[in-house]
Each structure stands twice: as C-alpha cells, then as structure tokens.
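Colleague: this one's sequence-less:
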C-alpha cells in the first residue's frame, strides 16, 4: 500500500540522483526547472544561465511571455463571466479553455524557450534563432487576433475589442464587469505584441552582432560590426535597454536592468 509507494518513490529519487551525478561527472551540467515555484515546468534563471550580452534580450522576452500567459488565463475568465451573463454559448467557453491550455504550452516551448536557449548559447546559437523567429511571427499575429476578438464563431473565444463592445451593449452589471476585464485583456495582448515586436528587432540585432563577433574571434575582421533591426540607437531602444538591461549600442558598457 502506502509503504510500497514510498519505497518506489525513494528508489526513483535514488536513480535520478545517480543519473545526475553521472551526467555531471561527464561534464554535463544539469539545470533543474524552477518556474513556477509551486510546480516547476521550465527554467527561468536569466542572471545565471545567460551571458551579460543577452540578458537584456532574455528579460524582454520573459516580459512578453508573462503578458501573454496572463492574457490567456484572463481571457478564459472573461468568456466564463460572459457565459454567466448569457453573452456567449458553452462552445465559446470550451474553445477559450482549449486555446488557453494550448497557448500556454505553445508560447512556453515554441518561442520563449527557444529565445532563452539562443540567449543562453550566445555565440553558439545557430538554427535556434530561425526556429524562434518563425514561432514568434505566429505569436505576433496571434496577439493581433486576441486584441481584436473578431466577432463570429471563429473568434467568439477571444475577449478583445469587439467582445468588449458586445459586453457593454448588454447593459448589465455582468456585462460592464466583463467589458472592463476585456479592456485589461486587450492591454495585455497589446503589450505582448508591441514588446514582442521589439524583441524580434532586438533578436535580429543580436544575431547579426553575434555573427560579427564570431568573425572577429576567427580573425576575419578586427572589430565587431554594429547591426540592428528598426530603432537601434533610438530613444525607444535606449529606454528598453535601461529597462531590461543589456549592452549599449556601441557595446562599450552594459546598461543595468531595473529588474535587478
């Protein structure tokens, strides 16, 4: 019964500890998951895992991911409350819940973890950047969809702009409450999309800078070149560097992060 399960659990932990010691002895560093703390499914330790040159980019990507994650969860509650107010059908709530589960998984492992891996690998990151850009493009388009909340069957699961208008038209307490939640939801998806677009530009700049640095190390050029996406060196770019941390445009010094 219970004693048998406890013995099995201790044996499993013993095997895992032995495997970890074996991997570490072979030069493989095992980095445990630490996020979220209640039930770790992924790892977020930017200061430990990423070099200074990519920590700012990783933090910006982390902020983008957090906003979309909260947006997925809040969206479900918006549609649930609309269901109570007879503003949507059960199928809309079902699709909202499905989108939340799939969206959280996809955003975590298809683009955030890829960006985190690219930042962690730094100069050794190659195809990971392309995988991130592809999935990030899908995420940016999805942010637009969630912000708008296109009316009709295909968009009834999104508590966006059009859903907010429909909620106000109900002229009830539930309707007004859902409309306010929808405005918050729109702000989250707008923020995720705008910061995500900047992360895209920053990642292109980082990719090209990495390539120039590799050439410099290999002796092909004497100094790393400075490349970038839109806005590199602008007031917005400098403000983002101060917020998330990262090297300055000239590469002379690293901007401190307000998150540290």
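Modeller: Nice, thanks for sending it over. In this text, all values refer to a predicted model and were calculated from it rather than measured experimentally. Residues are numbered from 1 along each chain as shown.

Colleague: low-confidence stretches in the stretch 151-260 of the chain?
Modeller: The model of the stretch 151-260 of the chain has pLDDT under 70 over residues 220-236, 246-260.

Colleague: just the strands in it please.
Modeller: 246-247, 254-255 (DSSP state E, counting those that start in this stretch).

Colleague: give me the residue at the spatial middle of the chain.
Modeller: Central residue of the chain (C-alpha atoms, centre = their mean): residue 65, 2.3 Å from the mean position.

Colleague: burial measure for the closest residue to that residue other than its chain neighbours, as a count.
Modeller: Nearest residue to residue 65 in three dimensions, chain neighbours excluded: residue 112, at 4.2 Å (C-beta to C-beta, 6 or more residues apart in numbering). Every C-beta, even on glycine, is put in place using the N, C-alpha and C of the backbone. Neighbourhood size, residue 112 [other C-beta atoms under 10 Å]: 26.

Colleague: so how far is residue 148 from residue 112?
Modeller: 23 Å (C-beta to C-beta, to the nearest Å).

Colleague: for residue 207, same thing?
Modeller: As judged by C-beta to C-beta, residue 207 and residue 148 stand 31 Å apart.

Colleague: ok, residue 117 next?
Modeller: From residue 117 across to residue 148, the span is 31 Å (C-beta to C-beta).

Colleague: cool, and residue 113?
Modeller: 27 Å.

Colleague: of the two, who's got more company?
Modeller: Neighbours of residue 113 and residue 148, each counted by other C-beta under 10 Å, are more numerous for residue 113; the result is 20 against 16.

Colleague: and that one, what helix or strand is that in?
Modeller: If you go by DSSP states H and E, residue 113 is part of helix 113-121.

Colleague: state the mean pLDDT of that helix.
Modeller: Across helix 113-121, the average pLDDT comes to 95.

Colleague: how about residues contacting the helix or strand following it?
Modeller: Going down the chain from helix 113-121, the next helix or strand is helix 127-148, by DSSP H and E. With contact meaning C-beta atoms under 8 Å, 6 or more residues apart in numbering, helix 127-148 is reached by 68, 71, 75, 103, 106-107, 110-111, 114-115, 117-118, 121, 155, 158, 160-162, 185-186, 189-190, 192-193, 196-197, 199-200, 203, 207.

Colleague: so where do the helices sit in the stretch 151-260 of the chain?
Modeller: For the stretch 151-260 of the chain, applying DSSP state H, counting those that start in this stretch gives helices covering 161-169, 173-217, 235-244.

Colleague: now the second one and helix 161-169, what's the angle there?
Modeller: The reference is to helix 173-217. Calculated by axes from the mean of the first three to the mean of the last three C-alpha atoms, to 10 degrees, helix 173-217 forms an angle of 160 degrees with helix 161-169.

Colleague: and helix 173-217 with helix 127-148, angle?
Modeller: Going by the same axes, to 10 degrees, helix 173-217 makes 160 degrees with helix 127-148.

Colleague: check the offset of helix 173-217 from the chain's centre.
Modeller: Its chain's C-alpha centre and that of helix 173-217 lie 8 Å apart, by C-alpha atoms, centre = their mean, to the nearest Å.

Colleague: ok, now the first one?
Modeller: Relative to the chain's own centre, helix 161-169 is displaced by 28 Å; criterion: C-alpha atoms, centre = their mean.

Colleague: buried sites along that helix?
Modeller: Buried residues in helix 161-169, counted by 16 or more other C-beta atoms under 10 Å: 161, 162, 163, 164, 166, 167.

Colleague: the last one now?
Modeller: Neighbour counts over helix 235-244 (16+ other C-beta under 10 Å) mark 237, 240, 241, 243, 244 as buried.

Colleague: what's near enough to touch the second one?
Modeller: For residue 240, the contact set (C-beta under 8 Å, 6+ apart) comprises 56, 60, 198, 202.

Colleague: what is the most widely separated pair among those residues?
Modeller: Maximum pairwise distance among the contacts of residue 240 (C-beta to C-beta): 11.2 Å, between 56 and 198.
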